[in-house]
Structures are given as structure tokens and as C-alpha cells.
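In: pasting a predicted model and its sequence here:
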Amino acid sequence: MSKGVLRFMLLLLVFITLYAWWIVRWSFYDERPTDLKPFAMRSCVLFSGGLTGPQMGCCEAHSQAYWRGGTTTDKALADYAFSQCIAESGQPLPFISLLWHNVQTATATPYIHTSWRWGYGWHFGRGFREKSVE
């Protein structure tokens, strides 16, 4: 391998290591914040133009679960309930509920700062914590 490729690989390794450290650092954030933001619907924003009434109800319930956050079990239950709700709402293409479930499960981790992350009602860095009434 050339020196340029080796330098790139070393730089990439350093970046991945620092990013992993940053994620772990935030996942064990000790402060118990009390700044739960007001609810704002964030689920289904990419698909909202083609949703019917029952499907929007599914999105509303799913958004509320994601806004509040909780444990990994809470997230798994919310994602499963969402995919079941979409499947039962008369979605003409059955694979859509499976697709939504897989995309949401893969991309909505609390450790990536997105607007649809798990626990988006709290500050970034809360991770998978028990639901609280704070």
C-alpha cells in the first residue's frame, strides 16, 4: 500500500476511535436533566404526505414514545407497536411497515444527534434511561 492510503486509514481509525469515545462519554452522562422539551411530532415526517388518518394516529403515538424516551426495551416495544399499527391500518403494501420498522430501529439511536432520535424530548446525551416524570 502507498503512504497516502496508510495515512488515510490511520486518520480514519483515529476519527472512529474519537467518535466512539465521544458516544460512550455521552452515554454515561451523570446529570439527571429536567428539561423535557414540549412535544413536537417528528416521526413519519418523510412519509406524512401519503398517510391516511389511522396511519397518522400510528405516527402520533410513535412520536410520543420517541419524545419521552426510556430503556432499550421501551424502544423495541414502541417500534414493534408502530410497525403493527401501520400494518393494521390498511397499508396497501405490507412490506412498508417492515421497512419503516427496520429504518427506525437502525437510525433512531439516542447516540446520534438527529431530530428523530430516541428520547428527542430530552437534551442530547441522555441515552437509554428509565422514563421519568421530572
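Out: Cool, the structure landed. Numbers count the residues shown, from 1 in each chain.

In: could you use CA atoms for every contact and neighbour count after this?
Out: OK.

In: tell me who's in contact with the residue lying farthest from the centre of the chain.
Out: Distance from the C-alpha centroid of the chain, by C-alpha atoms, centre = their mean, peaks at residue 2 (39.5 Å). For residue 2, no residue meets the contact criterion (C-alpha atoms under 8 Å, 6 or more residues apart in numbering).

In: quick one: the helices in the protein?
Out: Ranges of helices in the chain, per DSSP state H, are 3-27, 53-68, 72-88, 95-107.

In: pull out the buried residues from the last one.
Out: Pointing back at helix 95-107 there. For helix 95-107, the neighbour count (16 or more other C-alpha atoms under 10 Å) marks 97-98, 100-101, 104-105 as buried.

In: the most centrally placed residue in the chain - nearest residue in space that isn't next to it in sequence?
Out: For the chain, the residue whose C-alpha lies nearest the mean C-alpha position (C-alpha atoms, centre = their mean) is residue 108; its distance is 1.8 Å. Excluding its sequence neighbours, the residue lying closest to residue 108 (C-alpha to C-alpha, 6 or more residues apart in numbering) is residue 117, at 4.3 Å.

In: tell me how many other residues crowd that neighbour.
Out: A count of nearby residues for residue 117, using other C-alpha atoms under 10 Å, gives 22.

In: tell me which helix or strand in the protein has the weakest average pLDDT.
Out: When each helix and strand of the chain is scored by mean pLDDT, DSSP states H and E, helix 95-107 comes last, with a mean of 76.
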